[in-house]
Structure formats: C-alpha cells, structure tokens
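Novice: here is my input; please provide its structure:
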Amino acid sequence: QVRLAESGGGLVQPGGSLRLSCAASGFRLGYLSIGWFRQAPGKEREGVSCISTQDGSTHYADSVKGRFIISRDNAKNTVYLQMNSLEPQDTAVYYCAVQLGSHYCSGYVPDNYDYWGQGTQVTVSS
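Specialist: Numbers count the residues shown, from 1 in each chain. The predicted structure follows:
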C-alpha cells in the first residue's frame, strides 16, 4: 500500500526554521519525483519544490528560492524540506506528493501526482 507521511510542522517565529519530512512506504524512492505543495486558508494549493529521487535534481518556486532546500535520502525512503528564514506568508498546510511515472520534476499540476500525504501544519507567527 502506497503511503506518504509528512511530519515536522509546527509553530515558529518569523525568521525561524523548520525541517519537514516525507516518509514513503509501499514503494521505493529512486526512479520518481517527489513534490512539496502548500495550501493556505482560502488559497489554492501551490507547488513549493520538487526533487528527482533518481539524480537529485531540484526545482523551487520563486517564493521560496534561496530559503528552502529539498533533499532526499533514498536509503531511508524519505524526502526532506528544510525551510529557513520563514515568513508569515509561509503559513500553510504542507503536503508531499509522488509522481510515480516521472523520473524528474515536471511541474506542479496536482492532478499529475499520484499519491498525497495527509499534510502537516506550518504556522509562522510572533
């Protein structure tokens, strides 16, 4: 059974950092891509970052470029999102999702992703 489980969310002050984890089960990382998305109240789900678990190539949305770092540990079957210099506008529920048929990042169209985690809340507030 394919499953993605996010963890690491929480409340952090502006300028702080969090590291999110996306643990995969039911399949092996290595020949697919994983994306991180977020959805704030009243807003559409937006793509944040994605990584090819085959070669480690990455992509970032302009809004997080230079602040967020995506990485993967294929041995642990886990993808991470290191979030630095957090801003109040980063507040959202963060989701990871997998594209089973794509070795490389191919954009952030939600319908192109096959499985999703349940999400983890990130709140940036003083």
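Novice: CA only for contacts and neighbour counts going forward, please
Specialist: Noted.
Novice: now the residue nearest the centre of the chain: closest residue in space that isn't a chain neighbour?
Specialist: Geometric centre of the chain, nearest residue: W36, 2.3 Å, by C-alpha atoms, centre = their mean. Closest residue to W36 apart from its sequence neighbours, by C-alpha to C-alpha, 6 or more residues apart in numbering: C96 at 4.5 Å.
Novice: mind listing what that neighbour touches?
Specialist: Neighbouring residues of C96 by C-alpha atoms under 8 Å, 6 or more residues apart in numbering: L4, A5, E6, C22, I34, G35, W36, F37, W116, G117, G119.
Novice: switch to 10 Å and redo it
Specialist: With contact set as C-alpha atoms under 10 Å, 6 or more residues apart in numbering, C96 has these partners: 4-6, 20-24, 34-38, 47-50, 79-81, 113, 115-120.
Novice: repeat for C105
Specialist: So C105 contacts 32-35, 49-53, 56-59, 99 (C-alpha under 10 Å, 6+ apart).
Novice: got the residues you listed as TSV, with distance to A92 columns?
Specialist: Shown next, in TSV, are the contacts of C105 (distance: C-alpha to C-alpha, whole Å):
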residue	distance to A92
L32	25
S33	22
I34	19
G35	15
S49	14
C50	17
I51	20
S52	24
T53	25
G56	25
S57	25
T58	21
H59	20
Q99	22
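Novice: number of residues surrounding T120?
Specialist: When neighbours are counted by other C-alpha atoms under 10 Å, T120 registers 21.
Novice: sorry, that was for C50
Specialist: 30.
Novice: quick one: what helix or strand has it in it?
Specialist: Following DSSP states H and E, one finds C50 within strand 46-52.
Novice: in which helix or strand would I find the residue nearest to W36?
Specialist: Assigned by DSSP H and E, C96 belongs to strand 92-99.
Novice: for the next helix or strand after that strand, give me every contacting residue.
Specialist: Where DSSP H and E defines the elements, the next helix or strand beyond strand 92-99 is strand 115-116. Contacts to strand 115-116, defined as C-alpha under 10 Å, 6+ apart, come from residues 2-6, 34-37, 95-100, 110.
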